[in-house]
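Asker: Sequence and predicted structure, then a few things I'm wondering about:
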Amino acid sequence: MKAKRTNPIDGIQSHGESLREAQSGDPDVKEILDLLGKSEERPPWNLISHQSPAAKSYWAQWERLKIEDGVLTRMYLSKDTSKTWKQVYLPRSLREETLRKLHDQSGHLGMEKVFDKVN
C-alpha cells in the first residue's frame, strides 16, 4: 500500500499566520486580492501601475487568477500548453519555511530537485 502524499502547503503556518492571512499581509498581492474580490473583470491599469512588479505580473495574468476559500490561486499552463494545474500564490513570509518542508519531506533532495517539485 502506498503512503498518502501530503501537500506541504496545506496548513502552512508561520508565526501564527494562516496562508490566507499571510497573503493578505503580502504587499505584492494585497491589492490584487482586494481587486479580484470586488470583480472578476481586470481593473484598469492605473489602479496597478504604481504597484510592485509582482502585482503588475499578476494583473497581466488576471484571467488565470481565482480566489478559493480566501486564497489566491492561478491556473498554470505548461510551456507546451498540454497541461494545466492550480498554483497557490506563496507569500514571501512563507517561502523559506515551505521550501524547507518540501526539502525535508522529499528525502533531502538537492535544491534544484526541490524547485522542480514546486513548479
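Answerer: Received the coordinates, thanks.
Asker: and the strand or helix carrying residue 57, which residues are buried?
Answerer: For residue 57, the host element (DSSP states H and E) is helix 53-60. By 16 or more other Cβ atoms under 10 Å, the buried positions in helix 53-60 come out as 55, 58, 59. Bear in mind the C-beta positions are built from the backbone N, C-alpha and C, glycine included.
Asker: Now do the same contact list for the closest residue to residue 22 other than its chain neighbours.
Answerer: Nearest non-adjacent residue to residue 22, counting by Cβ to Cβ, 6 or more residues apart in numbering: residue 91, 4.3 Å away. Each residue near residue 91 by Cβ atoms under 8 Å, 6 or more residues apart in numbering is listed here: 19, 22, 23, 25, 26, 28, 29.
Asker: which SS class is the closest residue in space to residue 54 that isn't next to it in sequence?
Answerer: The shortest distance from residue 54 to any non-neighbouring residue, by Cβ to Cβ, 6+ apart, is to residue 28 (3.9 Å). Under the three-state scheme (DSSP: H, G, I helix; E, B strand; the rest coil), residue 28 adopts coil.
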